[in-house]
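Participant: Pasting the sequence and the predicted model now:
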Amino acid sequence: MNVFVFDIETVPDVVTGRRLLGLEGLSDEAVAAAMMSHIKEATGQGFVKHHLQKIVAISAVFRQGNSLKVWSLGETTSTEAEIIQRFYAGIEKFLPTLVSWNGGQFDLPVLHYRSLYHGITAQRYWETGERDTSFKYNNYLNRYHTRHVDLMDTLAAFSQKAFVRLDEMAVMLGFPGKMGMSGNQVWEHYLQGDIDNIRYYCETDVLNTYLIYLRFQLIRGILSHEQYENEIQLTKNILNQSQSAHLLEFLEVWNANDASNFR
């Protein structure tokens, strides 16, 4: 496999929000609150629009050859532009299958807007056949192509009425599900400078997504039952060798679920 499972964590882009709403002089907290209030008044929802989301973490599971790696791109001190550049550099170098949960609806549009904001070039990602004809019928941008598999979208047969939250699907399959925090707590942790725990939370999300992807490959017949069990064991071995408390906790919860035959 040459698979790159990814997830992003975001906070309101208060710099742009301050500019758009004319809120110079207000604190970041006040600007973010005004942005959410503004969008709620306009749409009835408190969700900040995609182009006003700032990326603070991108985490990944990368499965290639005999290796499996779980990590967050860049360092805790990396800028948004540096993190995004690392994401696209990986695509340029490895041309992996991208896997996400709701990536087509959220993660990729946010990455597009923030790339535009920072002027980040990603030629292979944007390729649709103009330079490389092999991308004409299978590229990262088309909803029904396989260079990017949005598991939520695909499993729902591309019907929004059938969409399922990652946490619910993971728990249903006996995987740990959300750990450490939830998406609506990221802003609070960001204000406290707690980038580490945001990254840890994002890493457990991509692990859940990867495990669901393995089950998806099983039902597609891409993996046999024996191959699937081998992939599961490899993942557990990698987590068991980790020095990171959040990954060891993920494994502990997962093993407890297995022990209770909750699958």
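Facilitator: Cool, got the structure. Residues are numbered from 1 along each chain as shown.
Participant: Report the secondary structure state of M36.
Facilitator: Under DSSP: H, G, I helix; E, B strand; the rest coil, M36 falls in the helix class.
Participant: Tell me, how many residues neighbour it?
Facilitator: When neighbours are defined as other Cβ atoms under 10 Å, M36 has 17 of them. All C-beta atoms are positioned from the backbone trio N, CA, C, and that covers glycine.
Participant: and if you look at A30?
Facilitator: Burial measure for A30: 13 neighbouring residues, criterion other Cβ under 10 Å.
Participant: same thing with N2?
Facilitator: Applying other Cβ under 10 Å, we find 11 residues neighbouring N2.
Participant: so it makes contact with T97?
Facilitator: Yes - if you go by Cβ atoms under 8 Å, N2 and T97 touch, sitting 6.5 Å apart.
Participant: mind listing what H51 touches?
Facilitator: 16, 110, 113 (Cβ atoms under 8 Å, 6 or more residues apart in numbering).
Participant: separation between it and Q123?
Facilitator: In this view, H51 and Q123 are 22 Å apart by Cβ to Cβ, to the nearest Å.
Participant: cool, Q192 as well?
Facilitator: Separation of Q192 from Q123 (Cβ to Cβ): 38 Å.
Participant: Just give the closest residue to L111, not the sequence neighbours.
Facilitator: I84 (6.4 Å; Cβ to Cβ, 6 or more residues apart in numbering).
Participant: so what's the one you found up against?
Facilitator: Applying Cβ under 8 Å, 6+ apart, we find I84 in contact with 55, 58, 111, 114-115, 118, 120.
Participant: E24: neighbour count?
Facilitator: 8.
Participant: for N102, same thing?
Facilitator: For N102, the neighbour count with other Cβ under 10 Å is 18.
Participant: Quick check: closest non-adjacent residue to it.
Facilitator: Among residues not flanking N102 along the chain, M152 sits closest, at 4.7 Å (Cβ to Cβ, 6+ apart).
Participant: Likewise for L95?
Facilitator: The shortest distance from L95 to any non-neighbouring residue, by Cβ to Cβ, 6+ apart, is to R124 (6.6 Å).
Participant: Which phi and psi values does that neighbour adopt?
Facilitator: With angles defined as degrees, to the nearest 10, R124 sits at phi -70, psi -40.
Participant: Tell me which residues touch it, please.
Facilitator: R124 neighbours (Cβ under 8 Å, 6+ apart): 91-92, 95.
Participant: do F135 as well
Facilitator: F135 sits next to 127-129, 147 when contact means Cβ under 8 Å, 6+ apart.
Participant: what about the closest residue to F47 other than its chain neighbours, which helix or strand?
Facilitator: Spatial nearest neighbour of F47, excluding adjacent residues (Cβ to Cβ, 6+ apart): I39 at 6.8 Å. Element membership of I39 [criterion: DSSP states H and E] is helix 28-43.
Participant: and that helix, which residues are buried?
Facilitator: The neighbour-count check on helix 28-43 (16 or more other Cβ atoms under 10 Å) flags 28, 31-32, 34-36, 38-39 as buried.
Participant: do stretch 169-177 as well
Facilitator: 169-171, 173-177.
Participant: Which pair in the residues you listed has the greatest spatial separation?
Facilitator: Greatest spacing in these, by Cβ to Cβ: M169 and P176 (12.1 Å).
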